[in-house]
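S.K.: here's a sequence, model it:
(2 chains)
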Amino acid sequence: MRQMTGARMVVQALKDQGVEVVFGYPGGAVLPIYDEIFQQNDIKHILVRHEQGAVHMAEGYARSTGKPGVALVTSGPGATNAVTGLTDALMDSIPIIVLSGQVPTFMIGTDGFQEADTVGITRPCTKMNWLVKDTAKLAETIHQAFHVATHGRPGPVLIDIPKDVQFATAQYTPREESKISHYQPRVRGDEAAIAKLVDLMETAERPVFYTGGGVINSGVRASALLRELVAETDFPITSTLMGLGSYPASGKNWLGMLGMHGLYEANLAMHGCDVMINIGARFDDRITGRIKDFSPHSKKAHIDIDPSSINKVIRVDVGIVGDVALVLEEVLRQWRARGSKTNRAALPKWWAQITEWRAVKCLTYKNSTKVIKPQYALERLEALTKGMDRYITTEVGQHQMWAAQFLGFEDPNRWMTSGGLGTMGYGLPASIGVQIAHPDSLVINVAGEASWLMNMQEMGTAMQFRAPVKQFILNNERLGMVRQWQELLHGERYSSSWSESLPDFVKLAEAFGCKGLRIDDPADLDEAILEMLAYPGPVIFDCRVEKHENCFPMIPSGKPHNEMLLGDADTQGVIGAKGAVLV
Amino acid sequence: MNALNIKKGSSSHSAYELRDPNGDLIESHTLTAVVANESGVLARVIGLFSGRGYNIDSLTVAEVDHEGHLSRITVVTRGTPPVIAQIKAQLERLVPVYEVHDLTAEGPSVQRELALIKVTGKGEARIEALRLAEIFRANVVDSTLESFVFEMTGTPEKIDAFADLMRPLGLREIARTGVAALARGA
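M.R.: Just a heads-up that it's a prediction; the model follows:
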């Protein structure tokens, strides 16, 4: 009864795991699995144009739903093309399962056609991977893989399945009968450590919450608890790029994003605080700047599900290993049981200081009536899509930082961007993955023209599967962030940082069969954005922007938070004589 | 651009923070890990060390529980105390790793290594080698008229000391297993 081929087991196991969509590309070594996919209707297959696109789509799907994403690729080049996506998911802790075909077991090691050492190549870029040599173990391995990908700190896993294992027949092991490995990471925080955190919260004069992607990964309950905690303590809160949306951008305690291109008030609050409460962030180098000057006067607490994150970069005073939602629940329980105390004498002074920092208005830029400023384009996009059921993805570079600065996120899982790996070419496929998961929502990829070209073939996928993704390209004909660094740090020698021979994006859109819009006059911007939003299919929006705009604020690498560069912000008075460079 | 006071053309700014790698005291630690005896697990452990730039001074691995499919890995590594703590945490989070102990930090432990040492020579040197072997409790496991292979077990330091003594007496080859270690007591 439960005897079946390995190929059928793959499909059956995916169904048992509740998988609805698989992003993939067929090839010789996965033909038996594709044959099974053909003969069923429960799992939808999205045919991509390149395997990197499949993995980024699975990532977009996972990040916008909280469920694991699944990609299916063939052996050899199919698997090697998946490597960038796997690494991206590893860095950003995204749960995805990649199934790869492999040459038959008896051919492994003979340099067979389309053979690659897939488990060898992907070992450093997966949380775990398996080469399944026995059909009888295939189903159990797939169930284990889902368990590993979604438990503890989430991450990508890969299962390599030789073609003869797909053809052979064996007994299917259902999910509930599968031995889920010993892998059971700790999710409940230590109560004594949490009590120490509550001590800090009760006495802090200048506290700040520093939150990250761990809050999003922990699920919507974590975001809800975080909002309760912020509301009841009235502490200020900032977030990394990965954590945007866990606390609403419209919330009154919101300081904006922190880090290299974070907001002035957020970075100065981090620098000047006396208690820092890190919730699900990892002291990334884009956050800390120069380590020895990082928040020098604070006691630090760190909540993370991954014990190796604690004390990895920054020594902390209180380390709490656990899942954010469960830990925050316990924090709230203890803190409330002890009378919900905060240092009410000191907090107003701290807020007064923050209000001063906010008055700098660090995102100020010089607008123009002649040329579209990228910041202005995003401000208009924000204004015209506010309150809509909206998901945003991005590519990587200046546009990504401006999107993080100028778009407001009210809820978790609405913002998909490649943070840790910084993968140009992420946003377009990710937007398709998001749209497949949320067919009726507005999905916009905020892109730069250079990043966007890296995976533009996926417009074919968007067309074929009627994913009406909006590609909002801030086209400065430059590799903007590279150009900015060259200007500031390499003597204005712009080595290979401009985009020459760009395609005509409107004609490109027409070639794919979708809508193209080109806009270069600020006066026409609103109308064009509305036209983009009204169009029922995919749109490539070529927004010609100022070519030499730099992204500010900026903390140069290796500098502490209080040595931040501002652009056109009003630094007079508030900052004092040192002028624009803040000390 | 009024906001900038970075010198144009300055090359002293890196995209990453550059830190002095010699700031802290380096210690040697012996770590022991019980891992699932599956293909690829050793590669994952070694990949962790090479990928994150940790040292391996010696590494031993063998199955220790046939029914439970468990192996024990003993690794001697060097690093500053925070790096050693990080190595342990990184090992612990690998999916096929069951438990990790820092034997150097957790109290007294027994550490042993096995070595095979080939010494060639004639006459007085040969007799001297045999006499020293007796003092070091090394066994002769192979002998010809011109050579011995000694087998000895001990701490790495003891083996080093014996090898040093054998060098002028005709040391030809040495094979060492690396350290196997267990915590002392119950």
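
S.K.: correct me, but A:Q405 touches A:G256?
M.R.: Yes: using C-beta atoms under 8 Å, A:Q405 is in contact with A:G256, at 7.3 Å. C-betas here are computed from N, CA, C, even on glycine.

S.K.: give me the common contacts of the two.
M.R.: A:L263 (C-beta atoms under 8 Å, 6 or more residues apart in numbering or on different chains).

S.K.: spell out the secondary structure type for A:G53.
M.R.: helix (DSSP: H, G, I helix; E, B strand; the rest coil).

S.K.: can you tell me the closest non-neighbouring residue to it?
M.R.: Closest residue to A:G53 apart from its sequence neighbours, by C-beta to C-beta, 6 or more residues apart in numbering or on different chains: A:P429 at 3.9 Å.

S.K.: go ahead and confirm the one you found touches A:Y61.
M.R.: No: using C-beta under 8 Å, A:P429 is not in contact with A:Y61, being 10.2 Å away.

S.K.: residues touching the residue nearest to A:G53, list them.
M.R.: Contacts of A:P429 by C-beta under 8 Å, 6+ apart are A:48, A:52-54, A:56-57, A:60, A:455, A:458, A:461.

S.K.: check A:P307 too.
M.R.: Applying C-beta under 8 Å, 6+ apart, the residues near A:P307 are A:186, A:321, B:89, B:92-93.

S.K.: what's the farthest-apart pair in the residues you listed?
M.R.: A:R186 and B:A89 (12.5 Å; C-beta to C-beta).

S.K.: next, the residue sitting nearest the centre point of chain B: phi, psi?
M.R.: The centroid of chain B falls nearest to B:S58 when counting by C-alpha atoms, centre = their mean (1.9 Å). Dihedral pair for B:S58: phi -150, psi 160, per degrees, to the nearest 10.

S.K.: can you check the one 10 residues further on too?
M.R.: Main-chain dihedrals, B:G68, degrees, to the nearest 10: phi -80, psi 0.

S.K.: and for A:V208?
M.R.: According to degrees, to the nearest 10, A:V208 has phi -150, psi 140.

S.K.: for it, which non-adjacent residue is spatially closest?
M.R.: Closest to A:V208 by C-beta to C-beta, 6+ apart is A:C273, at 4.4 Å.

S.K.: and A:T203, by the same measure?
M.R.: A:N343 (5.6 Å).

S.K.: who's in contact with A:T385?
M.R.: Here A:T385 is in contact with A:442, A:444, A:533 (C-beta under 8 Å, 6+ apart).

S.K.: which ones among those map onto strands?
M.R.: Secondary structure from DSSP state E places A:442, A:444 of these in strands.

S.K.: residue closest to the middle of chain A?
M.R.: A:T417 (3.8 Å).

S.K.: I'd guessed the residue nearest to A:T203 sits against A:A204; true?
M.R.: Yes: under the criterion of C-beta under 8 Å, A:N343 makes contact with A:A204 at 5.9 Å.

S.K.: give me the secondary structure label for A:T393.
M.R.: Going by three-state DSSP: A:T393 is strand.

S.K.: can you list contacts of whichever helix or strand A:A195 is part of?
M.R.: Taking DSSP states H and E as the criterion, A:A195 maps to helix A:191-203. By C-beta under 8 Å, 6+ apart, the residues outside helix A:191-203 that reach it are A:207, A:233, A:235, A:275, A:277, A:299, A:301, A:317-320, A:327, A:330-331, A:334-335, A:338, A:341-343.

S.K.: again, only using 6 Å
M.R.: Here helix A:191-203 makes contact (C-beta atoms under 6 Å, 6 or more residues apart in numbering or on different chains) with A:275, A:299, A:301, A:318, A:320, A:330-331, A:334-335, A:341, A:343.

S.K.: quick one: which of those sit in helices?
M.R.: Those of the contacts of helix A:191-203 mapping onto helices are A:330-331, A:334-335, per DSSP state H.

S.K.: A:A62: neighbour count?
M.R.: 29 (other C-beta atoms under 10 Å in any protein chain shown).

S.K.: pLDDT wise, what is A:A577 at?
M.R.: A:A577 is assigned a predicted lDDT (pLDDT) of 34.

S.K.: ugh, wrong one, B:A62
M.R.: So, for B:A62, pLDDT stands at 95.

S.K.: that one belongs to a strand, doesn't it?
M.R.: Yes: under three-state DSSP, B:A62 falls within a strand.

S.K.: what is it paired to in the beta sheet?
M.R.: As for beta bridges, B:A62 partners with B:R72 under DSSP bridges.

S.K.: how many other residues sit next to it?
M.R.: Neighbour tally, B:A62, other C-beta under 10 Å: 11.

S.K.: please apply the same query to A:P468.
M.R.: For A:P468, using other C-beta under 10 Å, the count is 19.
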